[in-house]
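Colleague: Got a predicted model here, sequence first, then my questions.
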Amino acid sequence: MSGIGWITPGVLTGVAAAGVLYAWLMWGPPRSARPDDEVPTRGQAVFFYVALLAAYAALGSPIGVLAMSVSFTMHMFQHMLAGLAVPPFLIRGIPAWAWRRFFSNRLASAVWARLTRPVTAILLFNIVFGLMVYPAVVTSMVHSMGAMLGWHLLLMATGVFMWWPVVSPSEQFPPLHPGLQILYLFLDGLPMILPLALVTLDTTPLYAAAYGHRALLWGLSLDRDQQLGGILCLTVVHFTYGGMVYPRYGAWVRRERALDASLEPALVHLPRRSVPAVLTDIQTPPPAAAKVVPWPGPVPPEG
């Protein structure tokens, strides 16, 4: 991996350029052509630059250097940063008005509507993630900087589509109902478990072509490094998705309580329908007198 010590100049240049472009678009000359309220908040700017830091940490920091040299575990940690950290921060870092301007293009709006459908987004992200665990793909990423960058940029792009139904700031393509978000996160995490379980439970070194000729980090063997990478990913996935579910359950409860509170006054003040009075002036006819039939023959004595 080309670089100066722990620094990767190409990745650092790309991340810095993205940061400068964001600042120029939000606060530079284009700012004068927008209304006064179309400016990012401090929180949105923080989210965007945190996304850039996470991208550099995944691709150009010591994590990226180790992933391409001596550690499959760091390689899997790259995937977690690129797929689970960068996309949600990136989405939240771009203001809603900027997304609205982007969606004003009919082609962009139509494509986005299809790619962010829940089923489509889950399939795209998990297919890319599953391929990036395939041994031949891992080998290509370890031996080629271009392959490593290309696959991780693709993972980030599909990650944006996957995270959109959960963290969308857009009015045109809003996030799912909190209850559906919980179901969505559960269904999205299931396909990731299969490749990670195979990597963790298989004692055969699957990535010998990538790391077999190198002295691995911490002196681990190939199978131990492989299992540690799988365990790390399973742990990060479960904690990330579990951490996302808890606040959404709280939002769901608050939303239902607010709905109940808004409906209660309307239910209390509903107009009452008048009940028709019972017609009491209609006389009920008396029962007909019983017809007495004479006893045939002599009357039996009493008692």
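Modeller: Perfect, thanks for sending it.
Colleague: Only C-alpha atoms from now on, for both contacts and neighbour counts.
Modeller: Noted.
Colleague: which ones are touching Leu154?
Modeller: With contacts defined as Cα atoms under 8 Å, 6 or more residues apart in numbering, Leu154 is in contact with Val128.
Colleague: Could you measure from it over to Arg255?
Modeller: Counting by Cα to Cα, to the nearest Å, the gap from Leu154 to Arg255 is 35 Å.
Colleague: On the three-state scheme, Pro35 is what?
Modeller: Taking DSSP: H, G, I helix; E, B strand; the rest coil as the rule, one finds Pro35 in the coil state.
Colleague: just the CA coordinates of the particular helix or strand that has Gly43 in it, formatted as PDB?
Modeller: Secondary structure from DSSP states H and E places Gly43 in helix 42-59. These are the backbone C-alpha positions of helix 42-59, laid out as PDB (Å, rounded to 0.1, in the frame of the first residue of the first chain):
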ATOM      1  CA  ARG A  42     -23.600  23.300  13.300                       C
ATOM      2  CA  GLY A  43     -24.800  19.800  14.000                       C
ATOM      3  CA  GLN A  44     -25.100  19.000  10.300                       C
ATOM      4  CA  ALA A  45     -21.600  20.300   9.600                       C
ATOM      5  CA  VAL A  46     -20.300  18.100  12.400                       C
ATOM      6  CA  PHE A  47     -22.000  15.100  11.000                       C
ATOM      7  CA  PHE A  48     -20.600  15.600   7.500                       C
ATOM      8  CA  TYR A  49     -17.000  16.000   8.700                       C
ATOM      9  CA  VAL A  50     -17.300  13.000  11.100                       C
ATOM     10  CA  ALA A  51     -18.400  11.000   8.000                       C
ATOM     11  CA  LEU A  52     -15.200  12.200   6.200                       C
ATOM     12  CA  LEU A  53     -13.000  11.300   9.200                       C
ATOM     13  CA  ALA A  54     -14.600   7.800   9.300                       C
ATOM     14  CA  ALA A  55     -14.000   7.400   5.600                       C
ATOM     15  CA  TYR A  56     -10.300   8.300   6.000                       C
ATOM     16  CA  ALA A  57     -10.000   6.000   9.000                       C
ATOM     17  CA  ALA A  58     -11.400   3.200   6.900                       C
ATOM     18  CA  LEU A  59      -9.300   3.800   3.800                       C
END
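Colleague: pLDDT averaged over it - what is it?
Modeller: With pLDDT averaged residue by residue, helix 42-59 scores 95.
Colleague: Asp223: how many residues sit nearby?
Modeller: The burial metric for Asp223, expressed as a neighbour count using other Cα atoms under 10 Å, is 19.
Colleague: So that it lines up with my notes, have the first residue be 19 from now on.
Modeller: Sure, I'll start numbering at 19, so the last one becomes Asp241.
Colleague: got the contact list for the helix holding Gly61?
Modeller: Identification of contacts with helix 60-77 by Cα under 8 Å, 6+ apart yields 29-30, 33, 36-37, 81-83, 95-97, 99-100, 103-105, 107-113, 167.
Colleague: now stretch 193-213
Modeller: 136, 140, 144, 147-148, 151, 182-187, 252, 255-256, 259, 263, 266-267, 269-270.
Colleague: Among the residues you listed, the buried ones, what's the PyMOL command?
Modeller: Typed into PyMOL, the line below selects the buried ones among the contacts of stretch 193-213, using 16 or more other Cα atoms under 10 Å:
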select buried, resi 136+140+144+147+151+182+183+184+185+186+187+252+255+259+263+266+270
